[in-house]
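1. I need the structure of the sequence given here:
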Amino acid sequence: MISYEINNLTTYRPPPRAVGKIISACASQAKIKTSRTLSLAFITPASIRKWNRLYRGKDKVTDVLSFAGGGAGESDDSLGEILICPQRASRQAREYGWSFDFELARLLIHGLAHLLGYDHEDVSAKKAKEMELFEAKVLDRLKKY
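-> This next block holds a predicted model:
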């Protein structure tokens, strides 16, 4: 089980029920048996650009960033924090030809996959495929809810 808090610094109003279902589907797919916590923040393009520049050295707006837990001042059960930029997600949804809600779900799943130890950058093709498969299985689980 993953408990979470939402910090919203934008005009977007995330639907708590949908967020809960997505997080629950990720926890089920990952077979999480112990209680974990997560912080989810919706932030502006300027803020996510700042964090992307500071932590990844990329001076551009991105869609989602994940920061693993266990740092100073965090409890041992913390998975970490996910930052999502709804404005960027909206633009991407239009570009990809799917709904805004689907894009936000995809980004939350992607961020959680990173916090659960999956990666797709600077890893083998096999490891990248494992992350892709995890995300696809979570999306499939959500169809059943």
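2. can we go C-alpha only for contacts and neighbour counts from here?
-> OK.
3. what segments of this structure are helices?
-> Taking DSSP state H to define them, one finds helices in the chain at 16-29, 45-56, 86-96, 100-115, 125-143.
4. now the longest one against helix 16-29, angle please.
-> Okay, so that is helix 125-143. Between helix 125-143 and helix 16-29, the angle comes out at 130 degrees (axes from the mean of the first three to the mean of the last three Cα atoms, to 10 degrees).
5. buried residues, helix 125-143. List them.
-> 131-132, 134-135, 138-139, 141-142 (16 or more other Cα atoms under 10 Å).
6. and what of stretch 10-28?
-> Buried residues in stretch 10-28, counted by 16+ other Cα under 10 Å: 14, 19, 22-27.
7. what's the most distant pair in those residues?
-> Spatial extent of those (Cα to Cα) is set by the pair 14 and 27 at 19.4 Å.
8. what is the burial count for the closest residue to residue 19 other than its chain neighbours?
-> In space, and not counting its chain neighbours, residue 19 is closest to residue 105: 7.7 Å by Cα to Cα, 6 or more residues apart in numbering. Neighbourhood size, residue 105 [other Cα atoms under 10 Å]: 21.
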